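Novice: quick one, what's the 3D model for this:
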Amino acid sequence: MSTQQSPQTPAGFSDGFEWTELDRRAVDTARLLAADAVQQVGNGHPGTAMALAPAAYTLLQKVLRHDPADPEWTGRDRFVLSPGHTSLTLYTQLFLSGYELELDDLKAFRTHGSKTPGHPEYGHTAGVETTTGPLGQGAANAVGMAMAARYERGLFDPEAPEGESPFDHTIWAIVSDGDLEEGLSAEASSLAGHQKLGNLVFVYDDNHISIEGDTATAFSEDVLKRYEAYGWHVQRIAPSADGDIDVHALHTALNSARAETERPSIIAMRTIIAWPAPAAQNTEASHGSALGADEIAATKRVLGFDPEKTFEVSDEVLAHARRALDRGAEAHTAWDKRLAEWRTAQPERAKLFDRVMAGQLPEGWESALPSFEAGTSVATRAASGKVLQALGGVLPELWGGSADLAGSNNTTIDKTSSFLPKGNPLPEADPYGRTVHFGIREHSMAAEMNGIALHGNTRIYGGTFLVFSDYMRNAVRLSALMQLPVTYVWTHDSIGLGEDGPTHQPVEHLASLRAIPGLNIVRPADANETVIAWAEILKRHATHPAPHGLALTRQGVPTYPANPEAAKGGYVLQDATTSAPDVILIATGSEVQLAVAAREQLEAEGVGTRVVSMPSVEWFEEQSPEYRASVLPPSVKARVAVEAGIGLTWYRYVGDAGRIVSLEHFGASADAKTLFAEFGFTPDNVAAAARESLAALRG
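Specialist: Below is the predicted model of the structure:
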């Protein structure tokens, strides 16, 4: 067989395939390490890790371009293990390949403080590209990574022939029956086919087992026909005669998938869970339970290992597997050479690459930000759109779009440039375009945004209505868990959206999203606060990475003079005319205008009234105690919070004597003005609540 290296084959690898006795022994070692690790801790998922060991080993040892000595190398392929419950599939290969994991880490599997938690966690274990656990998330992350890889190429090296750019790489993902049953993966896979993501490969573990037994209980479609309909390149490999994965056939299929650059690829492998355990293989029990000492001993005998030994790794097997370090160094060196050649040929793009890699913003970027005249009425969604259009010319790494609501979300950064593959009939189609059309796929949009952020070297945002954040919630939670700098543009943020009625009017959503640790919700009061919010989010990208959700109005709201302290999350918008305020009115978003109008009434009555705009509770809580006390003096106990949603957020700020003007029920179908009046969101009602709070203090 020819070993000539093709443009698609990483340095350090060849198209030829060699499988030695040491390779087989390394695979069997990985199987038994998984069984021993689960047995030692008493819980976990051994069966899939045992079955997938040949596939994972083939990927990391024979196919992937990666460098275990530099897990964050920009030129690497990405590998996603979507069924995170089989984390040992990944951990054993990271250990064997020479990442930071050692045998003691496998022995500490699922124990507190270990590098080997129950499901892989991004940022916790070197070599883990994303946090997976909820099924389908990793598959959608991989789609996002493939999108990001294409956009990155467009930023830095768009003219290079296919396969010849230092920015060409492949996204590999192992996916399971469970992943492909989740609707999320269907959304993401549909988009991947539409986008013709030829840099994406799914390896499908078709093991026919889930927690409830044979997947015949719930899953019977022809998966490959489904993926063929999505526009994917599909392959199926049969198992070897003994039922194990045929690694030669798998390697051939992986090479074919990598060579297919016009479509994403999926390779279906029929596997036997817990292979070759004599009694446990092909059983649902092996999915989520330890095999038991007797069964593990029997399996070790089948594989020619000493049944009395645990966590057995021979020196020669480890030395053989850790040649991955040498191959990684060779691939890295070859890539560095190509990158140096590219730098010489593309000095301006090299400067952009260095800036983006460092997470820096260009000098003078803030001068591109729009400003809005005080006294005008502007919807904050419209102001957000103006910000994006203004930044488009100075931040080429910023891109994004909407779940088919761009006209409502104002998320079109460039209407002449859509991220669409070659062959798409639309005139604005550009494989490296700025505006992403995620389609009506909110959940996968959020998970794909996570993948884009994980891939690195771009800044991503995505929009829909705030009420549809419910569809996105699991992926949003994971973006918070991973502290990814993604920006959710959630518009139509209250009953102010009007006649579409209660199905579209968010009520519980602000409080619910604020309950997610690590997610920053920003609900600006006006156009100028919206500008400040976007600027602050962009500044935080590298220094304080975290997901942000912008909650923006459909309706116009009054514009106030810009105050840079809005970036602190809460600030004094208007102060009392008395030496100290008698009452404080706290408000967000479109309700700030109600607090401002109520202040006028109260001040006319001689009540010193301070208005605090609090666009972001999370940002405010980051500030020093001294700053927070300067905005909300503890001595001022008469307080009112105003927000057109449930009041859960505000009890800690108003205290025992305080009052909350909130919405504790669903909305209705009517115009915004009618609904605000009907449900008590008026200056009169806010002023009355302030008087009640003052009266409560007087007893």
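
Novice: helices or strands up against the host helix or strand of residue 652?
Specialist: Applying DSSP states H and E as the criterion places residue 652 in helix 651-654. Contacts defined by 3 or more Cβ pairs under 8 Å, 6 or more residues apart in numbering; DSSP states H and E place helix 651-654 against strand 639-642. C-beta: built from backbone N, CA, C; applies to glycine.

Novice: now do the strand it packs on, average pLDDT.
Specialist: Strand 639-642 carries an average pLDDT of 98.

Novice: then it to PDB, C-alphas only?
Specialist: Extracted C-alpha coordinates of strand 639-642, given in PDB (Å, rounded to 0.1, in the frame of the first residue of the first chain):
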ATOM      1  CA  ARG A 639     -37.000  50.900  48.000                       C
ATOM      2  CA  VAL A 640     -39.000  49.900  45.000                       C
ATOM      3  CA  ALA A 641     -37.800  47.500  42.200                       C
ATOM      4  CA  VAL A 642     -39.600  47.700  38.900                       C
END
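
Novice: returning to what we had before: now the helix holding residue 652: buried residues?
Specialist: Within helix 651-654, the residues that qualify as buried are 653, 654, counting by 16 or more other Cβ atoms under 10 Å.

Novice: check which element follows that helix along the chain.
Specialist: strand 659-661.

Novice: show me what the following helix or strand past that following strand is in contact with.
Specialist: On the C-terminal side of strand 659-661, the nearest following helix or strand under DSSP H and E is helix 672-678. The contact list for helix 672-678, computed with Cβ atoms under 8 Å, 6 or more residues apart in numbering, reads 495, 496, 497, 498, 554, 555, 644, 667, 668, 670, 682.

Novice: and the buried ones among those, selectable in PyMOL?
Specialist: To isolate the buried ones among those in PyMOL, judged by 16+ other Cβ under 10 Å, type:
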select buried, resi 495+496+497+498+554+555+644+667+682
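
Novice: which of the contacts of helix 672-678 sits closest to residue 347?
Specialist: Distance to residue 347 across those (Cβ to Cβ) is lowest for residue 554, with 45.7 Å.

Novice: next one: the closest one from residue 516, what distance?
Specialist: 24 Å (Cβ to Cβ, to the nearest Å).

Novice: do residue 151 as well
Specialist: Counting by Cβ to Cβ - residue 151 and residue 516 are separated by 27 Å.

Novice: between these two, which is the more surrounded one?
Specialist: residue 151 (24 against 18; other Cβ atoms under 10 Å).

Novice: contacts only, for the more buried one.
Specialist: 399, 419, 432, 452, 458.

Novice: now for the residues you listed, which pair is the farthest apart?
Specialist: 432 and 452 (13.9 Å).

Novice: have a look at the two and say which one is more surrounded.
Specialist: residue 452 (30 against 15).

Novice: show the average pLDDT along whichever strand or helix holds the more buried one.
Specialist: Counting by DSSP H and E, the element that carries residue 452 is helix 442-455. Looking at helix 442-455 alone, the average pLDDT works out to 98.

Novice: what's the very next helix or strand once past that helix packed up against?
Specialist: Note on helix 442-455: by DSSP H and E, the next helix or strand toward the C-terminus is strand 459-465. Here strand 459-465 touches strand 398-402, helix 406-409, helix 442-455, strand 487-491, going by 3+ Cβ pairs under 8 Å, 6+ apart.

Novice: how about TSV for these, with distance to residue 263 added?
Specialist: Shown next, in TSV, are the helices and strands packed on strand 459-465 (distance: least, Cβ to Cβ, whole Å):
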stretch	distance to residue 263
strand 398-402	22
helix 406-409	26
helix 442-455	18
strand 487-491	30
